[in-house]
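J.: Here is my input; please provide its structure:
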Amino acid sequence: MTTISAQFRNYREPTKDEGIREFFNAHPAGPDDIPPTGKDVTEISAVMSLKGEDQSYSGRLYLMPPFLAFVSLDRKSARFTLPLYTIRRVEKVNSRAGMFELSLVLWHQMKINVQLTSLRPTADSFCAQLRDALKAQLPQMKKLRPFIRVCYSEHLIKQDGEEYIDAEDDVKDGLEDGVDETIKEAQTEFLGGLGLTFKFPGDPKKLREKSKLKLWKEYLRTHGRNVTLVRYPSVQRLIQVGLPNRLRGDLWETLSGSVYLRFANQGVYEGILAKHKGETSTSTEDIEKDLNRSLPEYRAYQTEIGIGTLRRVLTAYSWKNREVGYCQAMNILVAAILIYMSEEQAFWLLEVLCNRLLPGYYSPSMHGTLLDQRVFESLVSRCLPIISDHFHTVDVQLSVASLPWFLSLYINSMPMIFAFRIVDCFFAMGPKVLFQIGLAILKINGEKLLEIQDDGGFIHLMRDYFNTLGDSAHPHASDSRMRAITNFQELLVVAFREFSVITDDTITSERKRHRNEIVSGIESFTKRAAVRNLKESGAFKKEQLGAIYDTLYKAICAVSASGSGASALAALETTDAQGRPETRIDLKTFRIFLSNVATWARDESIVSNAFVERIDRTVAEHELINRIFFFWDVSHRGALSFQDIVTGLNGVMFNDLMSNIEWFFTLHDKDKDGFLTRDDVLQLSESLLFIFRNEIGDAYLGTVSNFMTNAFEYGDALQPENNEKAEVPEGERAPEPPTNTPYLNLATFRMVVLADELLESFFDTDFSATFKLDIYPGPESPSESTGLIAGIGGLLSNLITDENKKTLNRFADEFGKSIGRHQVTYRPAIGKVDRDMALQEPKTRESLLSPQIRDRSMSSGSLTSGASSTSLAASTSEPLTPGLLPPQLPTIPALPERTPFAIDEVQDDDEDEEDEDDLVVTGGDETLDERSLTSLFKVDAFLQENA
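T.: So this is what the prediction gives:
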């Protein structure tokens, strides 16, 4: 059984504060980041200006420890995300009356002026919180200097670092044609990728690396760098013309926000590698298979240096994120990143990609990719309706070409020098770039697309187009400037101009509209596959197997959504005998699953108050549930697979009377030797009390009491007596027999059960009937509602949350108690004893043993001691344990009169009085144990004849 991510299944819209942090690429605050009096996110209106720049921008200033962020009103002209540990000094600027202005001096000696345009009390409160947050970040400032010293942007700005501007003078990589033995890793003062050793893709002269580096050097000197970068309108133009190769890795982690994660988790990457050195898993095996298929055209991945680097990053991430592990296409992405970034930089950038920028893309179900493919198809239908209609007419699947585009960020589809420029824009502007580029590709090739008739023609056309991206878009134009425009430049112009209407809000709303449709499709496919792969289905029908799967999946989602079980569940991802991935559940998840299947494994109460009547359901916890879990765990893994659960349920839901008695006996036979010890009998009785805890009246309580008395009577009577008994002083009790020795076998246990009509009925039909499978209807895709209906639905989904329901119920209950209208009624698990039966008077229990055997047992002292050691006496006049049973009717129902058995007629033989210590029943050589077995078989035969 495999499942999609529980975070995707139980997806909820991010809160306002979460959305703000995501926009600024700011990771969530840690426990030491927020001051005791501060909020998670505090915002205020402000006007920002940068020293050396004439232009100022109005916008919103956000304090979200450990970050201070700003964005202009149009959300694209100016923005920054500053870690508080990069702010060296905050000064209040003398300004005219009524204005409040702050001057921020950053680590790189930049000065940002922020004029707060709110009321004075609001500005004072914001400044107070900023002061507290800055104090909390003082310890982090000591770590900043060694951290940024190895950034290439720092090296570029050095006054004596002019030699690094000339990209044609690359570090000597030792690469000569045909001389691979001389390869040595480049030694630099800054972090960098494999490109420093094996050279970067493309010709530096054609890519104008020298000019790009000069422009970026001027920008970084006045607008900050790495952790203090301020993004002005000019930075967008610099990114769209392509980042310099040497600076690309540095800017990627700055634009994506992974640099902040790397700073906050220094040493974590090396720690993961050291902790799991030499360990293997399913993910590491898959990684080894794909290493030699990762960008083989790039020279680094034809050597052990490149392969080893890629292996370490992928392996470390598979250990860190066990739920994702390793998925195909992840190797292509990481291989491309490692050309420009170091191992640690690539590791944290992969973390940002998988968790925030491309959630669900690299997972076993690829649900994020499938969702975005559905969004892309919707956008094509809206923006390019003629092409969309033609594809539907000729039955061409858009995803056959677009799926690899999105999954590899176009790296595996077009030449790397062009793909990396798309990746530059992706990190700067977000996932919308993938959709804009895809739409532009289809629009540019629109006429040719209308001529294709099948999927093969579509793929062939796209391949030819990508091979000509470096060619002139207008080769026959008379203007030389027009001829100089390449197909790739034309692609960027069409994407960012004609499809600028595709915004982040557009992508978010489309994902929200199609999410349930994708969830339903994945769930249906996974469910069919899981049922089909079962080795044994027992007596279950196909619909019942589907119901078991649905219930199990519901339990898995409940545990994962709680936040406490996601990591534990990911650790239980294993493979079956055929090597297929499967999900096993732990004991916590099993309790939730069983509570949805067995009525006695949950507590259901009907709560009525002055407002409404509701049903509260809670998961029960008892040793019986734990026993069943380990009883079904036949492979002794401490976790259950879908097959284990199906087999376990099949072994109890279709049993007859004798099979259920044997199942219950075996479940409590701790050492599986065919006998119950005295402790096992007590545990079995507690299990029965747990199942009967919510039944009306005390009929079942009396049944369990009679069962225990009969079991100990017969168990003591069948125990072999020592010839030499220790003398017991008068007035003292006989010593207790050992509690861990064989005491009751299956035949005796069966007879004791059959002696009680209510207990016999329970094992005959009632116990199996407590297991109920709800056949869930097939998942339906939500209709595409818009306008007022969609708005009301979204508003209700935000208001009616589980937490809000609990708060409302608590209020209603308190109010109901105050006016005397609060009532709680427990639902019985069986519900067979009605109210009339519960009001009947009980009858005195009759012993199963004959008077002679009972008298001899009493004289030996074992029966008395055994009966007195039980937790329940034969009489039901003793008060119940508080909390064991809910308050019910006070009277006790009558128990059915016991039918006399043949064993009651057994008489003693006077000829063997001298062997009284051995409890010989007749004059023969047979002991009581042998004769009792014969009597048991007679009782069974008698019961079958008189059923």
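J.: Point out where the stretch 201-350 of the chain drops to low pLDDT.
T.: Filtered on pLDDT under 70, the stretch 201-350 of the chain yields no residues whatsoever.
J.: all strands for it, in order.
T.: In the stretch 201-350 of the chain, strands defined by DSSP state E, counting those that start in this stretch lie at 230-231, listed in chain order.
J.: What segments of it are helices?
T.: Listed in chain order, the helices of the stretch 201-350 of the chain (DSSP state H, counting those that start in this stretch) span 209-223, 233-240, 245-256, 258-264, 268-275, 282-290, 304-320, 330-337, 343-352.
J.: Return the fifth one as PDB; C-alpha atoms alone will do.
T.: Taking C-alpha atoms only, helix 268-275 is exported to PDB below (Å, rounded to 0.1, in the frame of the first residue of the first chain):
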ATOM      1  CA  VAL A 268      23.600  19.800   9.700                       C
ATOM      2  CA  TYR A 269      24.500  18.500   6.200                       C
ATOM      3  CA  GLU A 270      27.900  17.100   7.400                       C
ATOM      4  CA  GLY A 271      26.200  15.700  10.500                       C
ATOM      5  CA  ILE A 272      23.600  13.700   8.400                       C
ATOM      6  CA  LEU A 273      26.400  12.200   6.200                       C
ATOM      7  CA  ALA A 274      28.400  11.200   9.300                       C
ATOM      8  CA  LYS A 275      25.400   9.800  11.100                       C
END
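J.: Let me see the domain layout of the chain.
T.: The record assigns the chain these domain ranges, following automatic domain parsing: 16-141, 367-517.
J.: can you put the helices of the stretch 201-350 of the chain in CSV and add mean neighbour count and distance to Lys806?
T.: Every residue, glycine included, has its C-beta placed from N, CA and C. Shown next, in CSV, are these (neighbours: other C-beta atoms under 10 Å; distance: least, C-beta to C-beta, whole Å):
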stretch, mean neighbour count, distance to Lys806
helix 209-223, 18, 49
helix 233-240, 15, 47
helix 245-256, 26, 38
helix 258-264, 21, 34
helix 268-275, 15, 37
helix 282-290, 16, 39
helix 304-320, 20, 34
helix 330-337, 25, 40
helix 343-352, 24, 34
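J.: Need those in JSON lines (columns: distance to Ile502).
T.: Listed next are these as JSON lines, based on distance: least, C-beta to C-beta, whole Å:
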{"stretch": "helix 209-223", "distance to Ile502": "27"}
{"stretch": "helix 233-240", "distance to Ile502": "16"}
{"stretch": "helix 245-256", "distance to Ile502": "19"}
{"stretch": "helix 258-264", "distance to Ile502": "25"}
{"stretch": "helix 268-275", "distance to Ile502": "35"}
{"stretch": "helix 282-290", "distance to Ile502": "33"}
{"stretch": "helix 304-320", "distance to Ile502": "30"}
{"stretch": "helix 330-337", "distance to Ile502": "23"}
{"stretch": "helix 343-352", "distance to Ile502": "22"}
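J.: what's the weakest-modelled helix or strand in this protein?
T.: Among the helices and strands of the chain, helix 862-868 carries the lowest confidence by mean pLDDT, DSSP states H and E, at a mean of 38.
J.: circling back to that earlier point, ranking the domains of the chain by mean pLDDT, which is last?
T.: Least confidently modelled of these is domain 16-141, at a mean of 88 by mean pLDDT.
J.: How far does that one stretch from one end to the other?
T.: Counting by C-alpha to C-alpha, to the nearest Å, the length from the leading to the trailing residue of domain 16-141 is 29 Å.
J.: Over to stretch 139-153?
T.: With C-alpha to C-alpha as the measure, the ends of stretch 139-153 fall 24 Å from one another.
J.: quick one: buried residues of it?
T.: Judged by neighbour count using 16 or more other C-beta atoms under 10 Å, the buried positions of stretch 139-153 are Gln140, Met141, Phe147, Ile148, Cys151, Tyr152, Ser153.
J.: would you turn these into CSV with distance to Leu338 and secondary structure?
T.: Supplementary listing: the buried residues of stretch 139-153 in CSV, determined by distance: C-beta to C-beta, whole Å; DSSP: H, G, I helix; E, B strand; the rest coil:
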residue, distance to Leu338, secondary structure
Gln140, 28, helix
Met141, 31, helix
Phe147, 20, helix
Ile148, 21, helix
Cys151, 17, coil
Tyr152, 15, helix
Ser153, 19, helix
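J.: What is the nearest of those to Ser77?
T.: Comparing the buried residues of stretch 139-153 against Ser77 with C-beta to C-beta picks out Ser153 as the nearest, at 22.6 Å.
J.: ok, the closest one touching Leu247?
T.: Yes. Checked against C-beta atoms under 8 Å, the pair Ser153 and Leu247 is within contact range at 6.6 Å.
J.: Scan this structure for its longest helix.
T.: The residue-count maximum for a helix in the chain (DSSP state H) belongs to helix 504-532.
J.: List the buried residues in it.
T.: By neighbour count on 16+ other C-beta under 10 Å, the buried set for helix 504-532 is 507-508, 510-511, 513-515, 517-519, 522-523, 526-527, 530-531.
J.: For the stretch 51-200 of the chain, just list every one of the helices.
T.: Counting by DSSP H, counting those that start in this stretch, the segments of the stretch 51-200 of the chain that form helices are 120-136, 138-141, 144-148, 152-157, 195-198.
J.: Please apply the same query to the stretch 651-800 of the chain.
T.: In the stretch 651-800 of the chain, helices defined by DSSP H, counting those that start in this stretch lie at 657-668, 678-691, 699-717, 746-754, 757-761, 767-769, 787-799, listed in chain order.
J.: go on, the stretch 351-500 of the chain?
T.: According to DSSP H, counting those that start in this stretch, the stretch 351-500 of the chain carries its helices in the segments 367-383, 385-394, 399-407, 416-429, 432-444, 446-449, 455-467, 480-483, 487-493.
J.: between the first one and helix 432-444, how many degrees?
T.: What it means is helix 367-383. In this structure, helix 367-383 runs at an angle of 40 degrees to helix 432-444, with axes from the mean of the first three to the mean of the last three C-alpha atoms, to 10 degrees as the basis.
J.: which parts of helix 367-383 are buried?
T.: With burial defined by 16+ other C-beta under 10 Å, the residues of helix 367-383 counted as buried are 367-377, 379-380, 383.
J.: residues near Ser480, how many?
T.: Neighbours of Ser480 under the rule other C-beta atoms under 10 Å: 7.
J.: separation between it and Tyr410?
T.: Counting by C-beta to C-beta, to the nearest Å, the gap between Ser480 and Tyr410 amounts to 29 Å.
J.: do the same with Thr280
T.: Taken as C-beta to C-beta, the span from Thr280 to Tyr410 is 33 Å.
J.: And these two? Which one has more around it.
T.: Neighbours were counted for Thr280 and for Tyr410 using other C-beta under 10 Å; Tyr410 has more, 25 against 10.
J.: Could you find the closest non-adjacent residue to that one?
T.: For Tyr410, the nearest residue in space outside its immediate sequence neighbours is Ala419; the separation is 4.6 Å by C-beta to C-beta, 6 or more residues apart in numbering.
J.: my read: that neighbour touches Ser413, true?
T.: Yes. Here Ala419 reaches Ser413: they are 7.3 Å apart, a contact under C-beta under 8 Å.
J.: I figured Leu261 was touching Val352, is that so?
T.: Yes. The criterion here is C-beta under 8 Å, and Leu261 meets it with Val352 at 6.8 Å.
J.: Regarding stretch 333-348, how distant is the last residue from the first?
T.: Taking C-alpha to C-alpha, the first and last residues of stretch 333-348 lie 13 Å apart.
J.: Same question for stretch 321-330.
T.: For stretch 321-330, the first-to-last residue distance is 13 Å (C-alpha to C-alpha).
J.: now the closest residue to Leu273 other than its chain neighbours: how far from Tyr57?
T.: Closest residue in space to Leu273, ignoring its immediate chain neighbours: Ala316 at 5.4 Å, by C-beta to C-beta, 6+ apart. In this structure, Ala316 and Tyr57 are 40 Å apart, going by C-beta to C-beta.
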